[in-house]
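Engineer: quick one, what's the 3D model for this:
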Amino acid sequence: ASGVADYILLLLVFGGIAALVLGFRFFLESRVDVVKQRLQRSVAAASESNAADLPGSGLAGRGGRTGVIGSVFGALGRVAKPTDEGDLGRLRSQLIHAGFRSDQAMPWYLGAKVLMCFTFCGVFLWIHSMLVKPMQFAPLITVVLMIIGFYFPNIWIRGRVESRQTAINRAMPDALDLMV
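Structural biologist: Prediction:
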């Protein structure tokens with residue numbers, strides 16, 4: 001029975017890591033060609049007299065992946081969704097500053113937080129089950145790893161915001177030179 005439980009735990013960890021990789025792939029793909037899309041919209045707006053009639057001019061049409069994985073991340077994200085409107089607005093703003101403007105960015109981000117929490121826990125428990133002599137503080141380590149897994153996406157998103165702001169600040173003199 002212990003061998004079957006090890007395989008089930010291994011499958012759960014593998015599934016969690018696979019879902020995490022797919023989630024980050026969605027994040028990366030949702031910001032690809034954002035500048036190109038903006039340029040296309042502005043060129044289309046300039047060429048037509050009525051910019052409001054442009055198809056796809058809003059943000060709602062972007063990032064429309066709402067398949068099975070999207071619904072799983074959405075369900076996981078509801079667990080971690082802030083209840084305070086101020087916290088929700090700050091999170092939305094932080095995601096936008098990091099370059100994730102899609103409507104699905106927040107559920108995916110929150111779902112990734114919950115998934116990382118359980119993935120860190122699952123990996124530790126799987127490794128711990130392989131040990132010959134169990135660790136004395138395994139429950140404490142499990143809780144600490146769950147907390148680290150839950151807050152790791154916060155650190156990652158802050159890094160994305162900082163790197164994006166740095167890239168914008170480095171490109172600013174070139175943009176000003178082009179304007180003059």
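Engineer: just the helices from this structure, written as ranges.
Structural biologist: Listed from the start of the chain, the chain has helices (DSSP state H) covering 2-30, 34-47, 68-80, 85-97, 105-130, 138-179.
Engineer: please identify the most buried of these.
Structural biologist: Taking mean count of other CB atoms under 10 Å as the contact definition, the stretch among those with the greatest mean neighbour count is helix 105-130, which reaches a mean of 20. For the C-beta atoms, the positions are set from N, CA and C on the backbone; glycine is no exception.
Engineer: in terms of secondary structure, what does that helix contact?
Structural biologist: In terms of contact count using 3 or more CB pairs under 8 Å, 6 or more residues apart in numbering; DSSP states H and E, helix 105-130 is assigned the packing partners helix 2-30, helix 68-80, helix 85-97, helix 138-179.
Engineer: dump the ones you listed to TSV, plus distance to residue 124.
Structural biologist: As requested, those are arranged in TSV below (distance: least, CB to CB, whole Å):
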stretch	distance to residue 124
helix 2-30	10
helix 68-80	19
helix 85-97	27
helix 138-179	5
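Engineer: would a markdown table of those with distance to residue 126 and mean pLDDT be doable?
Structural biologist: As requested, these are arranged in a markdown table below (distance: least, CB to CB, whole Å; pLDDT from 0 to 100):
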| stretch | distance to residue 126 | mean pLDDT |
| --- | --- | --- |
| helix 2-30 | 5 | 72 |
| helix 68-80 | 20 | 79 |
| helix 85-97 | 31 | 90 |
| helix 138-179 | 11 | 86 |
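Engineer: list just the one of those that sits closest to residue 119.
Structural biologist: For residue 119, the closest of the helices and strands packed on helix 105-130 is helix 2-30, at 4.1 Å, according to CB to CB.
Engineer: gap between the closest residue to residue 92 other than its chain neighbours and residue 76?
Structural biologist: In space, residue 92 comes closest to residue 106 once its chain neighbours are excluded; the distance is 6.3 Å by CB to CB, 6 or more residues apart in numbering. In this structure, residue 106 and residue 76 are 12 Å apart, going by CB to CB, to the nearest Å.
Engineer: same check on residue 101?
Structural biologist: 21 Å.
Engineer: same check, this time on residue 6
Structural biologist: With distances taken as CB to CB, residue 6 is found 25 Å from residue 76.
Engineer: same question for residue 92.
Structural biologist: Distance of residue 92 to residue 76, given as CB to CB: 18 Å.
Engineer: with that, I have no additional questions.
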